[in-house]
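>>> Predicted structure and sequence below. I'll ask about it afterward.
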Amino acid sequence: MAETINTISGPLHLTRIDELPAKAPVPGDFMAICPAGGPANSATIGAIIQAGMRALGTSLDDLTDVDLSGIALADGRFLAYDNTKKVWVPFELSLSTIPGLHLAPGQMPLAGDTFSYRNGTWNLIPGVDRAYVDSKLTSLMALLPAGANHAALPLTGNNPGDVRVTTDSSSMNMWDGGAWVSIGKASTAIPAGINESDTLAWDSAALNWTVHKPMLADLGDVDLTTAQKAGQLLSWDTAGGGKWKPKTVAVPAALTDLTDVDKSAPATGQILVYNQTTSLWEPKTHSHALTSLTDVESGIAPAEGNFLTYDAAASKWVPKATSVYTKLEVDKKLEILVIGLEHGQAVQSITNNPPPAPVPFEFYIVGKAPTGAWVGQANAVTWWDGAKWSFQSPQSGETHLVQNVAETWSWSGTAWNKVASALTGGGGGAGSAGDLWLVGAIQQSVLTEPQFKTLLDAAEQLKWVLADGRDVTGSRYATVTGSNTVPDLRGAFL
């Protein structure tokens, strides 16, 4: 027999086991196993089915992977999977179950508590409820109606912190839980006469604040038991208990009153100099000259151009002549050496007019009345650097070959002078009128001065000198050039 029962979820097909059709079951089919003879109607079959469903399980506790035995169910709990037991168990989310949040056993936060993070965990910091604090403060200062006197203050119905004023003495009294305790005068006004640095001191006998003037006598390391006198100073007394005590001391009115100053009358401009022998400061006349210094030699008069050189043997600075160049002189000579001016750099000509098409690094001597771009550069040595004209003031003794006239010209310090001509006229004879043969001629040589002179006879040796800036006063060169020194052309003879 087959029967269909309509349910909320759809039709429920019921079939007797001895009447099963030869077809596959469909989803939702149930099989009811009835007693022998079978049920008489669908109501009986439904009761059997409900009993069977209860046997199959109708709650979480019926599931094999759910364990509800460990904790009682309550609102807000949920199932969490326990990987150790391999089952779902009830779990309640609370502060004590949050990782990293530390609570002592049985500790629960209260209103006003906070958590503070430290060393990897959150720790509970107990707070104080605002209303609780306000209520306590209120009770501490509960000013109740005044009493006529202390004996009239009530002994019942008081709360700790209650305050009453007695009208007979204007004192304030606070109930400490068992008795009234006087805590001061009812008047809280600051006493008159307060000045800067004054302090207020509580007078327990008078029960009020009094003005206290700070005094030396208040200090523990000051002893003022002896009477003080006008003009006394505080002097430290180690033997007398290690305290400052008043002492009459003569105050010095002048330097000579000091025990470590010589009493000799000073002269105008003198200074005090300490004498280690007498252990006194003595008035001494001080000279501002170098020779007044003990480490400078005063017995040698310095000459023009001398330097102070330290003499280790004498332990003094001594004035001495030196051939050492100053840094400024070295820098200037290096600058001139780079462009070759003092080493006979040839120039194209001596002229007042700049060439219309200058060639880079061709040199000229500017004449006495320059024009164009050379205006204001009379007597200077100039060259075109490819973009502009550069100028160099000549140095005394500076000599150049002027190529367009084949002549050698030297700067005397005030003017350019011709000192030699390449036109010798042949055979060693005189050249053009006014030319001076060989005077100022330059001979380059790698020989030393003694080696160079061995190649000359005695008469010729008198005509040549090493061009090292030496003095040639009285020579023909000096007469012609107006300079008493030859150019410094180390490595050349003139």
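Everything's here; your move.
>>> mind listing the strands for the stretch 151-300 of the chain?
162-166, 171-175, 180-185, 199-203, 208-212, 233-237, 243-247, 271-275, 280-284 (DSSP state E, counting those that start in this stretch).
>>> actually the stretch 351-494 of the chain, not the one I typed
Going by DSSP E, counting those that start in this stretch, the stretch 351-494 of the chain shows strands at 363-366, 381-384, 389-392, 399-402, 407-411, 416-421, 443-444, 466-468, 488-493.
>>> Leu200 is nearest to which of the ones you listed?
Leu200 lies closest, by Cβ to Cβ, to one member of those: strand 389-392, at 87.0 Å. Placement of C-beta: from N, CA and C, glycine included.
>>> Just the CA atoms of the closest one, as PDB, please.
Output of strand 389-392 as PDB, limited to C-alpha atoms (Å, rounded to 0.1, in the frame of the first residue of the first chain):
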ATOM      1  CA  TRP A 389      92.700  90.400 -23.800                       C
ATOM      2  CA  SER A 390      94.600  89.500 -20.500                       C
ATOM      3  CA  PHE A 391      97.100  91.900 -19.000                       C
ATOM      4  CA  GLN A 392     100.100  91.400 -16.700                       C
END
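>>> quick one: average pLDDT of that strand?
The average pLDDT for strand 389-392 rounds to 90.
>>> Least confident of the strands of the stretch 351-494 of the chain, on average?
If these are sorted by mean pLDDT, strand 488-493 sits at the bottom with a mean of 68.
>>> Same list (the strands of the stretch 351-494 of the chain) but as TSV, adding distance to Ala74 and mean neighbour count.
Below are the strands of the stretch 351-494 of the chain laid out as TSV (distance: least, Cβ to Cβ, whole Å; neighbours: other Cβ atoms under 10 Å):
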stretch	distance to Ala74	mean neighbour count
strand 363-366	111	23
strand 381-384	106	21
strand 389-392	103	15
strand 399-402	116	23
strand 407-411	117	23
strand 416-421	120	21
strand 443-444	117	11
strand 466-468	116	19
strand 488-493	112	16
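>>> Tell me which of those lies nearest to Ala80.
strand 389-392 (93.6 Å).
>>> Please list the strands that the closest one pairs with in its sheet, giving the direction of each pairing.
strand 381-384 (antiparallel) (DSSP bridges).
>>> Show me what the partner strand is in contact with.
Outside strand 381-384, the residues that touch it by Cβ atoms under 8 Å, 6 or more residues apart in numbering are 339, 341, 345, 347, 358-366, 374, 389-394, 398, 400.
>>> same thing but 10 Å
336, 339, 341, 345, 347-348, 354-355, 357-366, 370, 373-374, 389-395, 398, 400, 411 (Cβ atoms under 10 Å, 6 or more residues apart in numbering).
>>> now the helices for the stretch 101-250 of the chain?
Here the stretch 101-250 of the chain has its helices, by DSSP state H, counting those that start in this stretch, at 130-140.
>>> Where does pLDDT dip in the stretch 301-450 of the chain?
Within the stretch 301-450 of the chain, the segments meeting pLDDT under 70 span 323-326, 328-329, 332-344, 420-438.
>>> at 80 what do you get?
304-305, 321-345, 397, 406, 419-447 (pLDDT under 80).
>>> closest one to Thr226 among the strands of the stretch 351-494 of the chain?
Closest to Thr226 of these is strand 488-493 (Cβ to Cβ; 87.8 Å).
>>> returning to what we had before: okay if I get the strands of the stretch 351-494 of the chain as TSV plus distance to Asp75?
TSV is the format used below for those (distance: least, Cβ to Cβ, whole Å):
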stretch	distance to Asp75
strand 363-366	110
strand 381-384	105
strand 389-392	101
strand 399-402	115
strand 407-411	116
strand 416-421	119
strand 443-444	117
strand 466-468	115
strand 488-493	111
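>>> Kindly state which of the ones you listed is positioned closest to Leu233.
strand 488-493 (74.9 Å).
>>> about what we covered before: turn the strands of the stretch 151-300 of the chain into TSV, including mean neighbour count, mean pLDDT and distance to Arg118.
Listed next are these as TSV, based on neighbours: other Cβ atoms under 10 Å; pLDDT from 0 to 100; distance: least, Cβ to Cβ, whole Å:
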stretch	mean neighbour count	mean pLDDT	distance to Arg118
strand 162-166	19	80	42
strand 171-175	21	80	41
strand 180-185	16	77	41
strand 199-203	12	72	42
strand 208-212	15	73	44
strand 233-237	13	86	52
strand 243-247	17	87	51
strand 271-275	12	88	64
strand 280-284	17	89	66
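>>> Format those strands as TSV; extra columns: distance to Val405.
Output for these, formatted as TSV (distance: least, Cβ to Cβ, whole Å):
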stretch	distance to Val405
strand 162-166	124
strand 171-175	123
strand 180-185	119
strand 199-203	105
strand 208-212	108
strand 233-237	96
strand 243-247	99
strand 271-275	69
strand 280-284	71
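>>> Show the contacting residues for Ile350.
With contact set as Cβ under 10 Å, 6+ apart, Ile350 has these partners: 364-368, 379, 400, 402, 404-405, 407, 409, 416, 418.
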